[in-house]
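Peer 1: Got a predicted model here, sequence first, then my questions.
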Amino acid sequence: MRDKMTLSYSNMLLENDLKVIQKLEKKYNAIPLKGDVDLQTTDIAKLMGMFAEPPEDPVYVIDIGKMVKQMVLWRQYLPNVKPFYAVKCNGNPALIDLLTGMGCGFDCASIKESQTILDCGVSAERILLANPSLPIPLLQFAREHGIQKVVADCEAGLQKIHVHHPGAKVIIRIVTDDSASVCQFSCKFGASLETAFSLLKVAKNLSVDVIGVSFHVGSGCGDPNAFVKAVQAANVVWREARSHGFHMQILDIGGGFPGSEAAVSFPEIAVPVQRAIQEYFPGVVVIAEPGRFFSAASHTLITTVVNKRVIRKSDEIAVDASGNNTLGPVREECQYYLNDGVYQSFNCLFFDHAKVTPIPLPRQSQVLSTSTHTSTFFGPTCDGLDCIARGISFIELELGDWVLFPNMGAYTVAAASPFNGYYKWNYIYVNTFDVHRERELLLRNVRKVSTITGRGRATVIGFKSKAETVNVAEEALLVMAES
């Protein structure tokens, strides 16, 4: 009977995962929101009511449950790919703690990032130095702390590794077609196939140990086929490396996976990637460098209107009956000044090419205006460049009103500056993942599978929310472990 069952490693949740989630709830005083649904604006309005006075600084509501759901989604669609979270994306301690507890590795680019992860109790084996520039102090730090996995894409990098970290395990990064990505990296990183072949010869002469191939199709990739073509190219380099006698072990498929709503969804990318891996790298250790995938949707930003002015504008000059120039139709524009801007969280507009969506957030019992006006949202600094959204249709707001921005967890606070003295946020932690419900399901499924198979014990459960299930309804959600 067991052999005929359709078993899948997708959507795994271990008992240890549930313990980690409960531990984080206590550590960060996360407010459990029952129902196992994503955070709603009504929930946020109630949470903001916790403040005795309207907060002077912007507020981040951080959902631990959303991070958990993203990990489940990853395990569902890329079950054989171990994520190494890109720390540069968002170093929030709750996010790092959760991913650490759920077995994630970490992509670090500097001594500070590496030290932060080591201080969390993460072993050096779970750290990847994925920045090919590899400053000498970073290599020396890695050598001292036992961090072995490093990425290189040029001869100078291999020379530095040979001198300053001879025991490193090197992954050669190749260039990819990232033309369909929002943030393109191939102009800065990656070796062509011809160069990669040459680097293998250099590594051999230097006795540098090459163990894998990596690529990055760019951040915000809109073309699943870009991953597939990159996997194929990596296979060419892989075979060449083996011909030189290198013991190849790791394929690194980089990042570029969406963390919130996007033109191309995560499943639409993951399914062809998984097929390509199975075809070109069967049985190989595969890792990835997701960043925004885990962090983007977990953060919701609430800002406050700190100033407002109404501007009367006319775009036309008309001529009256007497031949005199007069202003044409006059229109009004409402300009709002928020307590967060492009030098703080909204630097993502420039550095990450993000598109943000302001949403009015009523206080409890407050009734917002229904009339709309042409509106512009500015940040708090003295710079005219500090503009969040310009000329959009929006309801009329007043001083002290709240404006919510969802999906603000990727490349926001991580790249913020203290310009003009604005560099402080309030944090509220919540958990929309119902741990108790999932534990009950675990126990129920243990009994169910034991009854079906007559042996074994289920140690893993999976769950699918309606929003996350895509063409996998027929898949089993249980994985058996031998007793």
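Peer 2: Thanks, I have it.
Peer 1: Give me the distance between residue 151 and residue 112.
Peer 2: 18 Å (C-beta to C-beta, to the nearest Å). Quick note: C-beta positions are derived from backbone N, CA and C, even for glycine.
Peer 1: Between these two, which has more neighbouring residues?
Peer 2: Counted by other C-beta atoms under 10 Å, residue 151 and residue 112 do not tie: residue 151 has more neighbours, with 28 against 13.
Peer 1: Need the three-state assignment for that one.
Peer 2: strand (DSSP: H, G, I helix; E, B strand; the rest coil).
Peer 1: Next up, the contacts around it.
Peer 2: Residue 151 sits next to 128, 129, 130, 131, 132, 134, 170, 171, 172, 173, 214, 252 when contact means C-beta atoms under 8 Å, 6 or more residues apart in numbering.
Peer 1: go on, residue 117?
Peer 2: Counting by C-beta under 8 Å, 6+ apart, residue 117 has contacts 87, 96, 100, 106, 108, 126, 127.
Peer 1: Between those, which sits nearest residue 44?
Peer 2: residue 96 (23.6 Å; C-beta to C-beta).
Peer 1: Can you give me the distance of the most centrally placed residue in the chain to residue 186?
Peer 2: Of all residues in the chain, the one closest to the mean position by C-alpha atoms, centre = their mean is residue 292, 1.5 Å from it. Residue 292 sits 19 Å away from residue 186, going by C-beta to C-beta.
Peer 1: Next: residue 424.
Peer 2: Shown here: residue 424 relative to residue 186, a distance of 37 Å by C-beta to C-beta.
Peer 1: Those two: which is more packed in?
Peer 2: residue 186 (18 against 12).
Peer 1: Could you double-check that residue 23 sits in contact with residue 98?
Peer 2: No. At 9.6 Å, residue 23 does not count as touching residue 98 under the criterion of C-beta atoms under 8 Å.
Peer 1: Show me what the strand or helix carrying residue 271 is packed up against.
Peer 2: Assigned by DSSP states H and E, residue 271 falls within helix 266-280. The contact analysis (3 or more C-beta pairs under 8 Å, 6 or more residues apart in numbering; DSSP states H and E) places helix 266-280 against helix 64-77, helix 224-243.
Peer 1: List the buried residues of stretch 352-359.
Peer 2: For stretch 352-359, the neighbour count (16 or more other C-beta atoms under 10 Å) marks 352, 354, 356, 358 as buried.
Peer 1: Could you do stretch 242-257 as well?
Peer 2: 246, 248, 250, 251, 252, 253, 254, 255, 256, 257.
Peer 1: For residue 345, which non-adjacent residue is spatially closest?
Peer 2: Among residues not flanking residue 345 along the chain, residue 412 sits closest, at 4.3 Å (C-beta to C-beta, 6 or more residues apart in numbering).
Peer 1: Let me see the contact set for the one you found.
Peer 2: Listed by C-beta under 8 Å, 6+ apart, the contact set of residue 412 reads 90, 299, 301, 345, 346, 347, 348.
Peer 1: Give the rounded mean pLDDT of stretch 421-438.
Peer 2: Here stretch 421-438 scores 88 as its mean pLDDT.
Peer 1: same check, this time on stretch 202-210
Peer 2: What stretch 202-210 shows for mean pLDDT is 97.
Peer 1: What lies in contact with stretch 224-234?
Peer 2: 174, 176-178, 180-181, 193, 213-215, 217-218, 221, 251, 253-254, 256, 264, 268-269, 271-273, 275-277, 280-281.
Peer 1: same thing with stretch 383-396?
Peer 2: With C-beta under 8 Å, 6+ apart as the test, stretch 383-396 has contacts from 333-334, 338, 341-343, 346, 349, 356, 358, 360, 368-380, 419-420.
Peer 1: Now the buried members of the residues you listed.
Peer 2: In those, the ones that pass as buried (16+ other C-beta under 10 Å) are 334, 338, 341-343, 346, 349, 356, 358, 360, 373-380, 419.
Peer 1: circling back to that earlier point, counting only strands, which of the buried residues of stretch 352-359 make the cut?
Peer 2: Among the buried residues of stretch 352-359, none falls in strands (DSSP state E).
Peer 1: Do a quick rundown of the helices in the stretch 201-350 of the chain.
Peer 2: Secondary structure of the stretch 201-350 of the chain (DSSP state H, counting those that start in this stretch): helices at 224-243, 266-280, 292-295, 348-351.
Peer 1: Run through the stretch 1-150 of the chain and note the low-pLDDT ranges.
Peer 2: Residue ranges of the stretch 1-150 of the chain with pLDDT under 70: 1-12, 34-38.
Peer 1: Tell me which stretches of the stretch 101-250 of the chain form strands.
Peer 2: For the stretch 101-250 of the chain, the strands defined by DSSP state E, counting those that start in this stretch cover 105-108, 127-129, 149-152, 169-173, 181-183, 209-214, 219-221, 250-252.
Peer 1: so where's the longest strand in this structure?
Peer 2: In the chain, taking DSSP E as the definition, the longest strand is strand 299-313.
Peer 1: got the angle between that one and helix 64-77?
Peer 2: With axes from the mean of the first three to the mean of the last three C-alpha atoms, to 10 degrees defining the directions, strand 299-313 sits at 110 degrees from helix 64-77.
Peer 1: buried set for strand 299-313?
Peer 2: Buried-residue list, strand 299-313, by 16+ other C-beta under 10 Å: 299, 300, 301, 302, 303, 304, 305, 308.
Peer 1: same thing with stretch 75-93?
Peer 2: For stretch 75-93, the neighbour count (16+ other C-beta under 10 Å) marks 75-78, 81-92 as buried.
Peer 1: JSON lines for the contacts of residue 412, including distance to residue 32?
Peer 2: Converted to JSON lines, the contacts of residue 412 look like this (distance: C-beta to C-beta, whole Å):
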{"residue": "90", "distance to residue 32": "22"}
{"residue": "299", "distance to residue 32": "18"}
{"residue": "301", "distance to residue 32": "22"}
{"residue": "345", "distance to residue 32": "26"}
{"residue": "346", "distance to residue 32": "30"}
{"residue": "347", "distance to residue 32": "32"}
{"residue": "348", "distance to residue 32": "29"}
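Peer 1: filter the contacts of stretch 224-234 to the buried ones?
Peer 2: Applying 16+ other C-beta under 10 Å to the contacts of stretch 224-234, the neighbour count classes 174, 176-178, 180-181, 213-215, 217-218, 221, 251, 253-254, 256, 269, 271, 273, 276-277, 280-281 as buried.
Peer 1: shouldn't residue 223 be in contact with residue 268?
Peer 2: No. Using C-beta under 8 Å, residue 223 is not in contact with residue 268; the gap is 10.1 Å.
Peer 1: neighbours of residue 143, just the number please.
Peer 2: Count around residue 143 with other C-beta under 10 Å applied: 16.
Peer 1: Can you tell me which of the contacts of residue 117 has the most neighbours?
Peer 2: With neighbours taken as other C-beta under 10 Å, the top of these is residue 108, carrying 27 neighbours.
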